[in-house]
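Chemist: Generate coordinates for the sequence data below:
(one chain, ligands or ions: 3)
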Amino acid sequence: MTARGRRIEVRGTVQGVGFRPFVYQLARRIGVNGRVRNDSRGVVIDAFGAAGSLDDFIEALEAEAPPAARVRSIDWSAIPFETASGFTIVESASSTEHRVSIPADLATCGDCLREILDPTNRRYRYAFTNCTNCGPRYSIVNGAPYDRARTSMARFVMCPDCQREYDDPLDRRFHAQPNACPVCGPRLVAVTPQRHEIGTSDPIEFAARALRAGFIVALKGLGGFQLACDAMSPGAVQRLRERKRREAKPLAVMVRDLADADRLALLTNEERALLTSVERPIVLARKREVDDDNPLIGLFLPYTPLHHILLRDAGTPLVMTSGNVSDEPMVTRSSEAFERLRNIADVFLVHDREIVTRVDDSVARVIGGSPALLRRARGYVPRAIESGREFAEPVLACGAHLKNTFCIATGSNAYLGPHIGDLETLETLRAYESAIERMKEFVGASPSIVAHDMHPDYFSTRYALAQANARTIAVQHHHAHIVSAMAEHRLDGPVVGVAYDGTGYGTDGTAWGGEILIARYADFERFATFHPIPLAGGDQAVRQPWRVALALLDESFDGEAPLHALPLFRTIERAAIDAVRRMIERNFNSPLARGVGRYFDAFGALFLGMREMRYEGEVAFRWNGIADELESGRYPILIHDGVAPWEIDPRPTLRAAVDDFMRGVAPAVISARFHNTIAEATIEVARAALQSRGEMPVVLSGGCFQNARLAESVLRGFHKVYMNREVPPGDGGIALGQAFVANAVVRSRSSVVSEELVCV
Ligand code: ZN
Ligand code: ZN
Ligand code: FE
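Modeler: Ligands and ions are numbered 1, 2, ... in the order given. Got it, this is the predicted structure:
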């Protein structure tokens, strides 16, 4: 038997997830000698042993990888045999190697869970238990490279037992930076809103009792404060809604395990996998019993020891929502919590481990059989998105306005920052700026190119333009949407890009939002758009969708709209109707908008009788939720192909829907037919684009594709079709697209410059 040597390169997410200790233990088990180290792209192993052992070793590297690892490829080449004795973990030499290795926060692993539930274990009921496979990461780091000294665990000195685990390569806690135990680690206390510490030896048990009694508990979670109450108590939930000033927006529910999730929702296998993934996002799933007109429920499983113990003690599913007042960012500091949440919570469960970076819970949904992220934060950030394209220079992309995220791209990686929220309050703007600064440091890049939306009034645009010593590049909103999905799926372009959303600033200064583009990374052509609707009062019309419905009715029925037959208009004063009509007639503060989202608003407002929108997207969300799943009928719609861009005109759709309504057809059926109509028109126009421009992939993006019914109908229309998965299709994913567009624009400009030089 001859001994051989192999250099094995493992690529993917393999740093900060316990991969090197795993390799070490595997090598010892199989009897392979050598060493393992991190490099800038993953993990490199020099392995020496018998050929058969090496084969087993490589096979097990993939098959048995730690849960949080994502092995994308394993390549090996032969190297000369060395008589290495044993196997060693080589410390990373340079700090740049470390830079990429700040991992995302990971849900409590099964081994740690067993420990905290075992009365004989020294970590029994210990809320800060973690190991190399799980625990806080991104949320507690304040600098790079990632080690304990640069986390908020630095002030806790490990006790001898913890230190021994930390130093032992065979221990699950070998180099687990946040390692802690009840002797040496952070402590929980229960506190009243008047800041009196409650004398109890078991603060979690106390909080659980308060929850069972219907009280509201503010708890310091992983990436910020959360507000919890008994999800099964309508009174408690109502109190939370009132105090938080969140009257209508759905609240996420945390359940202790999959069995409890099953009691509340009808779950597919894909949804179960997503619920139990290490990222533990909130998963939108179908409610088992629909008690209102929202068929979906946001469910998630415990992802910290604190959550696990609390859910078990409480013995009931808990509403678990971010600890903030209406639209402010989630609170992260205890002192701040006592200030801002004192009128909401009855009990505070706080501790002395600082949350360095705010990370909201992520939200995901299964669309077309695969997960799609709707909000990308905890568990995912700062994982890199690798597109296989090189960034010529580091790029900062500032994102859009609502549901903002930013992106920093360098080398071949793009790092999307956490969900920041709507850039509208001072607090949010501060959070945005500090998260950008921190990410620059983690990634080790100072961007020389800054990409931003074309909208001149967005805070993100003004922020971009204020960056000194950087080239700024404006990127059209829908182009960025499409490129975000191209980058994720590593498409070279061109593609037929369908970008449907509420609004985005067009190159002509008007509001776009129903765009079918022929897109490349550097540029695009507008192949088709939607017929525009006037928004009487601008943003006012977005909040009061009856105004959009009225404008569309008047246009569709040539001023002869049967308002008397439509219940929505019985709720609206004559004077208000007349005022809106006058504004539109005189073209006063009534900008034209082409957003597909506005059609959802108009139809939803009309047939559900909703005059106001209580949170962004409410009407469209309900209009989608009500659609009859089995209905396959559709309405007429006009496609004008004699103009450039083509125009999709749903006015005949509205006329037919109103006819249906007056004949007593149920709104659920009208909604289904409306969805079918928009999807069919989209497929038809995209096919026409393919026919005239040749075969290319079809790409869907924009907030409207959070709507699973619409997305799935369009996905079924094509063979080669892609939508966002890793980043949200809504504006939370737009920064990724901006970064790639800016990179392509810089490259194409520099190639133009060099051609000119050649001519000279
Ligand atoms: Zn663990
Ligand atoms: Zn300890
Ligand atoms: Fe958008």
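
Chemist: and residue 688, what does it touch?
Modeler: Listed by CB atoms under 8 Å, 6 or more residues apart in numbering, the contact partners of residue 688 are 641, 646. Any C-beta I mention is one placed from the backbone N, CA and C, and that applies to glycine too.

Chemist: Look up how far residue 479 lies from it.
Modeler: To residue 479, residue 688 is 20 Å away according to CB to CB, to the nearest Å.

Chemist: what do you get for residue 621?
Modeler: 26 Å.

Chemist: who's more crowded, these two?
Modeler: Higher neighbour count among residue 621 and residue 479: residue 479, with 27 against 21, using other CB atoms under 10 Å.

Chemist: how about the nearest residue to the more buried one, chain neighbours excluded?
Modeler: In space, and not counting its chain neighbours, residue 479 is closest to residue 524: 4.8 Å by CB to CB, 6 or more residues apart in numbering.

Chemist: I'd like to know how many residues surround that neighbour.
Modeler: The burial count for residue 524: 23, using other CB under 10 Å.

Chemist: Per-residue pLDDT of it, please?
Modeler: As predicted, residue 524 sits at a pLDDT of 98.

Chemist: go on, residue 234?
Modeler: 96.

Chemist: Contact partners for it?
Modeler: Contacts of residue 234 (CB under 8 Å, 6+ apart): none.

Chemist: cool, residue 619 as well?
Modeler: Here residue 619 is in contact with 545, 600, 601, 604, 605, 608, 610, 613 (CB under 8 Å, 6+ apart).

Chemist: And residue 478, by the same measure?
Modeler: 497, 499, 501, 504, 506, 512, 513, 515, 517, 702.

Chemist: Counting neighbours, what do you get for the residue lying closest to the last one once chain neighbours are set aside?
Modeler: Spelled out, it's residue 702. Distances taken as CB to CB, 6+ apart put residue 501 closest to residue 702, at 3.7 Å, once the chain neighbours are dropped. For residue 501, the count of nearby residues is 28 (other CB under 10 Å).

Chemist: Please, which helix or strand holds residue 501?
Modeler: strand 495-505 (DSSP states H and E).

Chemist: close to ligand 3, is the helix or strand that comes right after that strand?
Modeler: Per DSSP H and E, the first helix or strand lying C-terminal to strand 495-505 is strand 511-519. No - figure legend: strand 511-519 not in contact with ligand 3 (CB under 5 Å from the ion); closest approach 7.2 Å.

Chemist: What average pLDDT does strand 511-519 get?
Modeler: Rounded mean pLDDT across strand 511-519 is 98.

Chemist: which strands and helices sit next to that strand?
Modeler: helix 477-488, strand 495-505, strand 524-530, strand 592-593, helix 596-608, helix 667-693 (3 or more CB pairs under 8 Å, 6 or more residues apart in numbering; DSSP states H and E).

Chemist: between those, which gets nearest to residue 88?
Modeler: Nearest of the helices and strands packed on strand 511-519 to residue 88, taken as CB to CB: helix 477-488 at 37.4 Å.

Chemist: just how off-centre is the closest one within its chain?
Modeler: Helix 477-488 has its C-alpha centroid displaced from the chain centroid by 15 Å (CA atoms, centre = their mean, to the nearest Å).

Chemist: which parts of it are buried?
Modeler: 477, 478, 479, 480, 481, 482, 483, 484, 485, 486, 487, 488 (16 or more other CB atoms under 10 Å).

Chemist: can you give me the strands for the stretch 201-350 of the chain?
Modeler: Along the stretch 201-350 of the chain, counting by DSSP state E, counting those that start in this stretch, strands occupy 217-220, 225-230, 253-254, 265-266, 282-287, 296-300, 318-322, 347-351.

Chemist: Ligand 2: which of those is closest?
Modeler: Ranking the strands of the stretch 201-350 of the chain by proximity to ligand 2 (CB to the ion) places strand 347-351 first, at 15.3 Å.

Chemist: Can you show me the CA trace of the helix or strand immediately after that closest one in the chain as PDB?
Modeler: Downstream of strand 347-351, the next assigned helix or strand under DSSP H and E is strand 363-367. Backbone C-alpha positions of strand 363-367 (Å, rounded to 0.1, in the frame of the first residue of the first chain) are rendered in PDB as follows:
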ATOM      1  CA  VAL A 363     -38.400  36.300   6.200                       C
ATOM      2  CA  ALA A 364     -38.700  33.700   3.500                       C
ATOM      3  CA  ARG A 365     -41.400  32.000   1.500                       C
ATOM      4  CA  VAL A 366     -41.400  28.900  -0.800                       C
ATOM      5  CA  ILE A 367     -42.300  30.000  -4.300                       C
END
